[in-house]
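Chemist: could you work out the structure for the sequence below:
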Amino acid sequence: MSYETARDAFIILNIINVAALIIINCIVLYIAKTKIELIMNSLQNSSIAGGLMMLWHGGVRGRIYMMGEIFSFLKRPEIYLYQGKLSAKDIKNFPPDFKRTLLTLYKYQRISGLTFLLFGLLAALEII
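Modeler: All right, here's what the predicted structure looks like:
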């Protein structure tokens, strides 16, 4: 395999990766827009719900940050439970299928983002 062929393959992989990252973020924003009532109804006993609603009114950036907060407390609820921002009852009653969907999107978003950074690092070091 020549250098040019390898470089072309990495460029194609990076384009696919960027497209995947954009698609995943669009899906996350769509979920943030359509499922906000489900999320807020699931967090009725938690003090974090008020902060999430403030982020909801913050435009696209606020919604992205809001979904990051939701991913964060679904992934590591013990931190928010210790701080008193989240109720254990709310986490237990959070819809399991929806929780699984959100955590899967979070995983793919992380994988795609780290792959993007890896390709950027390889390009910066002129390996590719």
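Chemist: going forward, measure contacts between C-alpha atoms and count neighbours the same way
Modeler: Noted.
Chemist: quick one: contacts of whichever strand or helix holds Glu37?
Modeler: If you go by DSSP states H and E, Glu37 is part of helix 36-42. Residues outside helix 36-42 that contact it (C-alpha atoms under 8 Å, 6 or more residues apart in numbering) are 49, 90-91, 93-95.
Chemist: next SSE downstream of that helix?
Modeler: helix 48-56.
Chemist: buried set for the helix or strand following that next one?
Modeler: Using DSSP H and E, the helix or strand that follows helix 48-56 towards the C-terminus is helix 59-75. Under the neighbour-count criterion of 16 or more other C-alpha atoms under 10 Å, helix 59-75 has 62-67, 69-71, 73-74 buried.
Chemist: low pLDDT regions in this structure?
Modeler: Applying pLDDT under 70 to the chain flags the ranges 1, 128.
Chemist: nearest the geometric middle of it, what residue?
Modeler: Tyr106 (4.0 Å; C-alpha atoms, centre = their mean).
Chemist: so it makes contact with Phe71?
Modeler: Yes - using C-alpha atoms under 8 Å, Tyr106 makes contact with Phe71 at a distance of 6.7 Å.
Chemist: between these two, what contacts are shared?
Modeler: Any residue near both Tyr106 and Phe71 by C-alpha under 8 Å, 6+ apart counts here, and not one turns up.
Chemist: before we move on, the earlier item: which pair in the buried residues of helix 59-75 spans the largest distance?
Modeler: Greatest spacing in the buried residues of helix 59-75, by C-alpha to C-alpha: Gly62 and Leu74 (18.2 Å).
Chemist: in whichever helix in the chain runs longest, what's buried?
Modeler: If you go by DSSP state H, the chain has its longest helix at helix 3-34. Within helix 3-34, the residues that qualify as buried by neighbour count (16+ other C-alpha under 10 Å) are 10, 14, 17-18, 20-21, 24-25, 28-29, 32.
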